[in-house]
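Student: Take a look and give me a structure for this.
(2 chains)
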Amino acid sequence: MSCIEDKFAKLRADYPKELNSSLVMPFLRIMLDEKKHLGESDAVFIASYLDLPPMQVKEALTWYTMFYRQPMGQHVIKVCRNIACSLMGAERIIDHLSQKLGIKPGETTPDGRFTLLLVECLASCGTAPAMQIDDTYHEQLTEAKIDQILKGLSQ
Amino acid sequence: MSEKIFFNFTVTADSHKLEPYRERGGYKALETALKTLQPIDVEKEVMASGLRGRGGAGFPTGSKWSFVNKKAPVVYLCCNADEGEPGTFKDRWIFEYNSHQLIEGMLLAAYALNVRNAFIYIRGEFDLSFRRLMEAMGEAYNAGYIGENILGSGFSCDIRVMQGGGAYVCGEESSLYTSIEGFKGYPRNKPPFPAIQGLYNAPTVVNNVETLANVPWIINNGAKAFTAMGTEKHPGTKIFCVSGHVKKPGLYELPLGYPLKQLIYENCGGILNDKQLKAVIPGGSSSPILPAKDVETANLDAECLGTFRTMLGSGGVIVIAEGVCMVRLLQVLSRFYAHESCGQCTPCREGTAWMNDIISRIVAGKGVKGDMESLERITKGIMGNTVCALGDAAAMPVINIITKFREEFDYYIEHGRSMNDGRLEI
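Tutor: Numbers count the residues shown, from 1 in each chain, chains lettered A, B, ... in the order given. Next up, the predicted model:
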């Protein structure tokens, strides 16, 4: 926890007292970056650190989709399935990824390396189809490009 | 060639940094304002420019600012950078290539509104955008453009960047500041409007990234130069985000009122594989769809699109070629809204799920007689009956697409399969 608490303290020093509650989202993010997935105890920890009702932080944790609450693979692949990507072949891209990884959307490979998620618009509509692996955007996807990206990550 | 407010420089490896921005005249508007203008002058100039919100609703920015009591003990400014409307990708460009223009715009707005603490609420997924913004924030702090006693003027303002958690609804202004307050992002009933009671119950202005980034140009060039572009009621330029079946998708900065047909066939090089045009969604996925015949005469400004009963929205132009199955296309949209409904209001929470269930059933070949009437009834039950506009945004594409492409739905229900092979890609 000490590394997390250092980051908490550093950010808290930037926020005036009246904006204390605004630290919930950034703290959840910091915690997620460290722990990769979060649970109720993490929400309670943040709440007590900020002296806020635990329920407020628990609600935030469970409401936002980016705060994972179950273990994820080493790499999280988020493929856009929204309108612009669909018009440019998102379904083909999803099928290809699914087949390559041997898992269905929502699943993690048995070796724990990849989780495949379907997400809504990533704001890459002009360069569709698009996906995001961990933080990095990959755009104008083709089957060949995906093979290359996966190969790069497997090494 | 109309003048450009955004795409007026060559992008290089360094063009997003402070020095190149200053060489392009950056932060000159801020210096001018702090040294020679009163806050009310900035507001008056923006009011006179007729600038309207670029995020979707198109509300006049100057009016929004004028509603705020600047003598209140605390006034907040929030920049809405939760770019999530499907078909929209302009704010990402501003962050990646010219974050300083947004920061300068925010500081001008903060000066006009007497704001001490401002926020940028940026989409949680954005990576390069976020890093570029933080880099620019660091540069601006070091140069004394943000923080205490900016440029020796006595005016102080801090900007804090907050990353979202992946919720589409947080692009709705009251949901956005509820999220900034550290809660799940349930939208709030209006009134009270944010100008009276917003973030932490203080008067609050929420403006879109592109809206705020227009302000330095207006201060530098004057309201008159701004109103010389675009239409009388919708002046200036707009960044249009073109996606879907065109040869050259991407961002195009054009004067408002630009003909939609010209955008598609000239700027974007026409339809992919030289197919026929089927329809266009002109302003992000929530705006009602335009069939090909309407595209002939539609211009890209709020008033003209209003006559076609659609909206300019966020400027996300989604182009759909002949051969696409509109039933499956609608399923993509209904799934999105069902997924993103926040769960607060029953008509939206239940209605979006029901609509998605019915449309998915039709797609699975199990549609039944009466499904279309059920969809119509559900859209009526949602529209106007929810706290925020997400309900309307979910219902509008459904009622529009099933009305304008009714025969495709009837065929699908009757035959259990698509008239167009269920195709989305062409």
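Student: what's near enough to touch the nearest residue to residue B:304 once chain neighbours are set aside?
Tutor: Closest residue to residue B:304 apart from its sequence neighbours, by C-beta to C-beta, 6 or more residues apart in numbering or on different chains: residue B:298 at 6.2 Å. Bear in mind the C-beta positions are built from the backbone N, C-alpha and C, glycine included. By C-beta atoms under 8 Å, 6 or more residues apart in numbering or on different chains, the residues touching residue B:298 are B:259, B:260, B:261, B:282, B:290, B:304, B:305, B:308.
Student: cool, and residue B:72?
Tutor: Residue B:72 neighbours (C-beta under 8 Å, 6+ apart): B:202, B:203.
Student: Please tell me how far it sits from residue A:124.
Tutor: Residue B:72 sits 40 Å away from residue A:124, going by C-beta to C-beta, to the nearest Å.
Student: tell me which element residue B:34 is part of?
Tutor: Using DSSP states H and E, residue B:34 sits in helix B:28-36.
Student: For that helix, list every residue counted as buried.
Tutor: Within helix B:28-36, the residues that qualify as buried are B:29, B:30, B:33, B:34, counting by 16 or more other C-beta atoms under 10 Å in any protein chain shown.
Student: So the residue nearest the centre of chain A, which state does it fall into?
Tutor: Nearest to the mean C-alpha position of chain A, by C-alpha atoms, centre = their mean, lies residue A:66 at 4.7 Å. Three-state call for residue A:66 (DSSP: H, G, I helix; E, B strand; the rest coil): coil.
Student: Spatially, what comes nearest to it if we skip its sequence neighbours?
Tutor: In space, and not counting its chain neighbours, residue A:66 is closest to residue B:166: 3.7 Å by C-beta to C-beta, 6+ apart.
Student: can you list the domains in the chain?
Tutor: Here I'm looking at chain A. Here the domain parsing of chain A from automatic domain parsing is A:2-63, A:75-154.
Student: nope, chain B
Tutor: Taken from automatic domain parsing, chain B resolves into B:18-227, B:240-321, B:326-415.
Student: Report the mean per-residue pLDDT for the last one.
Tutor: Same thing as domain B:326-415. When pLDDT is averaged over domain B:326-415, the result is 97.
Student: what about it, near chain A?
Tutor: Yes: interface with chain A: domain B:326-415 contributes B:329, B:332, B:333, B:335, B:336, B:339, B:340, B:342 (C-beta under 8 Å from any C-beta of the partner chain).
Student: Return the closest of those residues with respect to residue B:357.
Tutor: Comparing the residues of domain B:326-415 next to chain A against residue B:357 with C-beta to C-beta places residue B:335 closest, at 10.2 Å.
Student: who touches the one helix or strand the closest one maps to?
Tutor: According to DSSP H and E, residue B:335 maps onto helix B:326-340. Contacts of helix B:326-340 with the rest of the structure, by C-beta under 8 Å, 6+ apart, involve A:81-83, A:86-87, A:120-121, B:86, B:167-169, B:279, B:285, B:320, B:352-353, B:355-356, B:359-360, B:362-363, B:390, B:393-394, B:397-398, B:401-402, B:405, B:408-409, B:412, B:418, B:420, B:422-424.
Student: So which of the residues you listed are in helices?
Tutor: Residues of those located in helices (DSSP state H): A:83, A:86-87, B:352-353, B:355-356, B:359-360, B:362-363, B:390, B:393-394, B:397-398, B:401-402, B:408-409, B:412.
Student: Do me a favour and get the end-to-end distance for stretch A:96-108?
Tutor: Taking C-alpha to C-alpha, to the nearest Å, stretch A:96-108 runs 16 Å from one end to the other.
Student: sorry, back to before: with distance to residue B:218 and pLDDT as extra columns, can I get the buried residues of helix B:28-36 in CSV?
Tutor: Below are those laid out as CSV (distance: C-beta to C-beta, whole Å; pLDDT from 0 to 100):
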residue, distance to residue B:218, pLDDT
B:29, 8, 98
B:30, 13, 98
B:33, 11, 98
B:34, 16, 98
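Student: Most neighbours among the contacts of residue B:298, which one?
Tutor: residue B:282 (28 neighbours; other C-beta atoms under 10 Å in any protein chain shown).
Student: okay, now residue B:8: neighbour count?
Tutor: Residue B:8 has 12 nearby residues by other C-beta under 10 Å.
Student: how about stretch A:11-21: buried residues?
Tutor: By 16+ other C-beta under 10 Å, the buried positions in stretch A:11-21 come out as A:12, A:15, A:19, A:21.
Student: Same list, those, but only the ones touching chain B.
Tutor: Checking these against chain B by C-beta under 8 Å from any C-beta, the ones in range are A:15, A:19, A:21.
Student: Can I get the residues you listed in a markdown table including distance to residue B:253, secondary structure and pLDDT?
Tutor: As requested, those are exported to a markdown table (distance: C-beta to C-beta, whole Å; DSSP: H, G, I helix; E, B strand; the rest coil; pLDDT from 0 to 100):
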| residue | distance to residue B:253 | secondary structure | pLDDT |
| --- | --- | --- | --- |
| A:15 | 36 | coil | 97 |
| A:19 | 35 | helix | 97 |
| A:21 | 38 | helix | 98 |
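Student: from these, which is closest to residue B:155?
Tutor: Residue B:155 has its nearest neighbour among those in residue A:19, at 19.5 Å by C-beta to C-beta.
Student: now the closest one: how far from residue A:65?
Tutor: Residue A:19 is 25 Å from residue A:65, by C-beta to C-beta.
Student: what's the pLDDT at the closest residue to residue B:393 other than its chain neighbours?
Tutor: Leaving out its chain neighbours, the residue that sits closest to residue B:393 by C-beta to C-beta, 6+ apart is residue B:286, at 3.5 Å. We note a pLDDT of 94 for residue B:286 in this prediction.
Student: count of neighbours near residue B:286?
Tutor: 25.
Student: Likewise for the one 10 residues further on?
Tutor: Here the neighbour count serves as a burial measure; for residue B:296 (other C-beta under 10 Å) it reads 11.
Student: Next, it: phi, psi?
Tutor: The phi and psi values for residue B:296, taken as degrees, to the nearest 10, are phi -50, psi -40.
Student: Give me the neighbour count for the residue lying closest to residue B:195 once chain neighbours are set aside.
Tutor: In space, residue B:195 comes closest to residue B:67 once its chain neighbours are excluded; the distance is 3.7 Å by C-beta to C-beta, 6+ apart. Burial of residue B:67 is recorded as 12 neighbouring residues (other C-beta under 10 Å).
Student: before we move on, what about residue B:207?
Tutor: Each residue near residue B:207 was counted by other C-beta under 10 Å, and the total is 26.
Student: That one in helix, strand or coil?
Tutor: Assigned with three-state DSSP, residue B:207 falls in the strand class.
Student: tell me the contacts of the closest residue to residue A:149 other than its chain neighbours?
Tutor: Sequence neighbours aside, residue A:138 is the residue nearest to residue A:149 in space, at 5.9 Å (criterion: C-beta to C-beta, 6+ apart). For residue A:138, the contact set (C-beta under 8 Å, 6+ apart) comprises A:130, A:131, A:132, A:145, A:149.
Student: Secondary structure class of the residue lying closest to the second one once chain neighbours are set aside, three-state.
Tutor: Take residue A:131 and drop its neighbours on the chain: the residue closest to it by C-beta to C-beta, 6+ apart is residue A:79, 4.4 Å away. Counting by three-state DSSP, the backbone at residue A:79 sits in strand.
Student: burial count for the nearest residue to residue B:358 once chain neighbours are set aside?
Tutor: Leaving aside its sequence neighbours, residue B:358 sits nearest to residue B:371 (C-beta to C-beta, 6+ apart; 5.3 Å). Using other C-beta under 10 Å, residue B:371 is surrounded by 19 other residues.
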